[in-house]
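In: Just a sequence and a predicted model for now, questions to come.
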Amino acid sequence: MHILIGSLMMVLLVLLWRKSLGAFLNFLAFFCIKIIIAGFFLYGVNYFFGTYGITIPINQYTLLFSGILGVPGIAVLALFQQII
């Protein structure tokens, strides 16, 4: 739980400093925010659908995949987890 609170605080700090960053750092900050939000979504999927046997491990690869593709990426990860 402390990790989630810390991640939320990091998102708020990045959003506050985002206006003063350059173009590349702005993109990097946006990408990091997407990955943190994907972590929250993966945690929510594991929390709510864990009783049905749908659990997605949270590691750097699943965060990267779901951070790039968003919610459809999480659906694909859940589908792969059920197939394999």
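Out: That came in fine, so what should we check first? Numbers count the residues shown, from 1 in each chain.
In: Centroid-nearest residue for the protein?
Out: The residue lying closest to the centre of the chain (CA atoms, centre = their mean) is residue 38, at 1.7 Å.
In: Need the per-residue pLDDT for it.
Out: Model confidence at residue 38, given as pLDDT, is 88.
In: do the same with residue 7
Out: If you check residue 7, the pLDDT there is 73.
In: ok, it - contacts?
Out: 36, 39-40 (CB atoms under 8 Å, 6 or more residues apart in numbering). Where you see a C-beta, it was placed from the backbone N, CA and C, and this is true even at glycine.
In: Any of those buried? List them.
Out: 36, 39 (16 or more other CB atoms under 10 Å).
In: is it true that the residue nearest to the centre of the chain touches residue 77?
Out: No. The criterion here is CB atoms under 8 Å, and residue 38 misses it with residue 77 at 10.0 Å.
In: Which neighbours do the two have in common?
Out: With CB under 8 Å, 6+ apart as the test, residue 38 and residue 77 both reach residue 66.
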